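# Build the 3D model from these lines:
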Amino acid sequence: LDDGGSQPCLTGTLTAETLPLPLPGNAPLPVALLQGWQGRLQVKAGRVLALGETVLRDAAATVEVQRGRLSLEQLSATLGGGTLSGGASLDAGVKPPALALQAKLSGAALHAPVFGLPLDLTEGSADLAVSLRAAGYSVAALGASLEGTIQATVHDGVVSGFSLGSNRNLVLLDGRRLPL
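Predicted coordinates:
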């Protein structure tokens, strides 16, 4: 901690075998905590948990607070056997506070039904690109204002829930019948 400047500055490194994430409630976001100080923390964790389940492996990121803005930068981790990268920020200097998230997931393995529906994607390799924005004073308000794009691509996918052999009326997009 360096308190010799105009604002106290906290810097450091946090390395953990397991890092449980707190889940936000519906209370107002504590954005006032982002004012009056600055900091930069390098974080590394072998496993990141949410609700007691491992959601990320080999995670690393830089967490920074500066001028009322909380940033998660240079995020890298393993998710579902794929590579996750990205960042996020919460800017408390604007009214209402603004949240932004950018992330990419490459090569995640699918080994079980994804949606839990009768017609479902059950296997494959997935790539995902996410760009989201929201604004609000609570998690509920952020959720209500959430906008952006999510793009998913699945390679070598397997779909369950129908039988090509029992449906002789399948037609291709160009109008040709599927030869069964």
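# Next SSE downstream of the strand or helix carrying Leu99?
For Leu99, the element it lies in under DSSP states H and E is strand 98-110. Next along the chain after strand 98-110, taking DSSP H and E as the criterion, comes strand 120-135.
# Just want the angle from that next one to strand 98-110.
Strand 120-135 runs at 170 degrees relative to strand 98-110, counting by axes from the mean of the first three to the mean of the last three Cα atoms, to 10 degrees.
# Which strands border strand 120-135, and is each parallel or antiparallel?
strand 98-110 (antiparallel), strand 147-160 (antiparallel) (DSSP bridges).
# quick one, which of those is packed in tightest?
Of all the strands paired with strand 120-135, strand 98-110 has the most neighbours on average by mean count of other Cβ atoms under 10 Å, namely a mean of 17. Quick note: C-beta positions are derived from backbone N, CA and C, even for glycine.
# ok, now which ones touch the residue most central in space within the chain?
Closest to where the C-alpha atoms of the chain average out (Cα atoms, centre = their mean) is Ala103, at 6.3 Å. For Ala103, the contact set (Cβ atoms under 8 Å, 6 or more residues apart in numbering) comprises 75, 84-88, 128-130.
# That one pairs with what?
Applying DSSP bridges, one finds that Ala103 bridges with Gly86, Val130.
# Report the separation between it and Gly12.
Note on Ala103: its distance to Gly12, by Cβ to Cβ, to the nearest Å, is 25 Å.
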